[in-house]
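Colleague: Curious how this folds, go ahead:
(one chain, ligands or ions: 1)
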Amino acid sequence: MSKILIRGLEFGYEAAGAGTPVVLLHGFPFNRTLWTEQIEALGPHHRVLAPDLRGHGETAATSAVATMEEMAQDVSELMEKLNFSRSAVCGLSMGGYVALALYRMFPLRVRALVLADSRATADTDEARANREAQAQQALREGMAPIADAMLPKLVSSGTMARNSEVGARVRKMIMNTNPEGAAAALRGMGQRRDQTRLLSRIVAPALILVGSEDVITPPPDSEFMHREIGGSRLEVIENAGHVSNLERPEQFNESLARFLRDLEV
Ligand code: MLT
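Modeller: Here you go, the predicted structure:
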C-alpha cells in the first residue's frame, strides 16, 4: 500500500503489475482490498491502480458529503498523478456510480468502462431517507450495526454456505471503515444524480457484470444499462450476490480479462 496527497487529503492506494492501465473502484463501505484477487490476476498484463476512495480504507475522511462527483474528481487527479491518465475503469456498486460520474466529467480518462453490480438510477426518496438513518447510526454506534444489516444482502446465501471466508472478509472491510467516512458516502450516494440519460451517450467500450443473486443491484438494473449503452457486453456471474468479484473470482476475472484483451485487438 502506498500513500499520496491529493486535493488536501491523504489517499491510500495499491498499484501493481505492468501493461495497459486499469483502475479498480471499490463499493461501499469497502476498500482497495476488495480487489486483491483481481490485482493478482490482471497483474501480468495490466498496470492496476486500486485506490481507497475518500473516507474508506487508508484514505482520510471528511465530514462533508462525499458526492460521487467529489470522488470522481479525486480519482481523476489520482489517475493524472500516478500516470493512469487514460485507463479502463472498473467500478463495483458505489465504484460504478463513481465510474459513471468520472465518465460524465472526464470522458477522455476512460478508455473503457466496466460496471459491476451497479446501476444508473438515483435513489428513491425512501432509499435516501434510509441512507440518512444509516449515516446517523454509523456516527452514533459505529460500523457493527451497519455490518450486521448489510452482510446478508451483500453476500449470497449460497456463497455463505460454500465459503464463510468471504463473509468474514466483507465484515472486516466494513468494520475497518471510518464511520465518518461511511456517513459522508451514504449521504453522497443519497444525493447522486440519475445517470440514465448518460448511458446512451457512452461511446467507450463497456462491460456490465452482475451476480445472478445480487439483491442490492439486481440483474434487471444491469440489463437496463446493457440495453442503453450501445455495443455493451453483459455477463452474469452465476451463483454470486452483490460482491460478485469476491464470491466468484475466477468467473469475474475471466470476464474482465477477456474484455480487456479484446480492447487490444
Ligand atoms: C455498494 O456496494 O457500493 C452499495 O451497497 C451501493 C448502494 O448502497 O447503493
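Colleague: quick one, strands of this protein?
Modeller: Taking DSSP state E to define them, one finds strands in the chain at 2-6, 9-16, 20-25, 46-51, 87-92, 110-116, 206-211, 233-237.
Colleague: Any chance of CSV for those, columns mean pLDDT, distance to Ala122 and mean neighbour count?
Modeller: Glycine gets a C-beta too; all of them are placed from N, C-alpha and C. As requested, the strands of the chain are arranged in CSV below (pLDDT from 0 to 100; distance: least, CB to CB, whole Å; neighbours: other CB atoms under 10 Å):
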stretch, mean pLDDT, distance to Ala122, mean neighbour count
strand 2-6, 97, 27, 14
strand 9-16, 97, 26, 18
strand 20-25, 98, 19, 25
strand 46-51, 98, 24, 25
strand 87-92, 98, 16, 28
strand 110-116, 98, 16, 25
strand 206-211, 98, 18, 26
strand 233-237, 98, 22, 19
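Colleague: And the ones you listed: which comes nearest the ligand?
Modeller: When the strands of the chain are compared by CB to the nearest ligand atom, strand 87-92 sits nearest the ligand, at 6.8 Å.
Colleague: Thr177 reaches His26, doesn't it?
Modeller: No - if you go by CB atoms under 8 Å, Thr177 and His26 don't touch, sitting 10.5 Å apart.
Colleague: So for the two, which residues contact both of them?
Modeller: His56, Gly57 (CB atoms under 8 Å, 6 or more residues apart in numbering).
Colleague: rewinding a little: list just the one of the strands of the chain that sits closest to Leu34.
Modeller: strand 87-92 (6.9 Å; CB to CB).
Colleague: now the angle from that closest one to strand 110-116?
Modeller: If you take axes from the mean of the first three to the mean of the last three CA atoms, to 10 degrees, strand 87-92 sits at 10 degrees to strand 110-116.
Colleague: On the pLDDT front, check Glu264 for me.
Modeller: For Glu264, the model assigns a pLDDT of 86.
Colleague: if I look at Arg86, how far off is the ligand?
Modeller: Distance, Arg86 to the ligand, by CB to the nearest ligand atom, to the nearest Å: 25 Å.
Colleague: what sits against the nearest residue to that residue once chain neighbours are set aside?
Modeller: What sits nearest to Arg86 in space, not counting adjacent residues and going by CB to CB, 6 or more residues apart in numbering, is Arg111, at 5.2 Å. Shown in contact with Arg111 (CB under 8 Å, 6+ apart): Pro21, Arg86, Ser87, Ala88, Val89, Ala204, Leu263.
Colleague: mind running it again at 7 Å?
Modeller: By CB atoms under 7 Å, 6 or more residues apart in numbering, the contact set of Arg111 is Arg86, Ser87, Ala88, Ala204.
Colleague: With Arg197 as the reference, measure out to the second one.
Modeller: In other words, Ser87. Applying CB to CB, to the nearest Å, the value for Ser87 to Arg197 is 25 Å.
Colleague: In CSV, list the C-alpha atoms belonging to stretch 131-143.
Modeller: Extracted in CSV, the C-alpha atoms of stretch 131-143 (Å, rounded to 0.1, in the frame of the first residue of the first chain):
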residue,chain,number,x,y,z
ARG,A,131,-29.3,6.2,4.0
GLU,A,132,-29.6,9.2,6.2
ALA,A,133,-30.8,7.0,9.1
GLN,A,134,-27.9,4.6,8.5
ALA,A,135,-25.4,7.6,8.4
GLN,A,136,-26.7,8.8,11.7
GLN,A,137,-26.5,5.2,13.1
ALA,A,138,-22.9,4.8,11.9
LEU,A,139,-21.9,8.1,13.6
ARG,A,140,-23.7,7.2,16.8
GLU,A,141,-22.9,3.5,17.1
GLY,A,142,-20.0,2.7,14.8
MET,A,143,-19.9,0.2,11.9
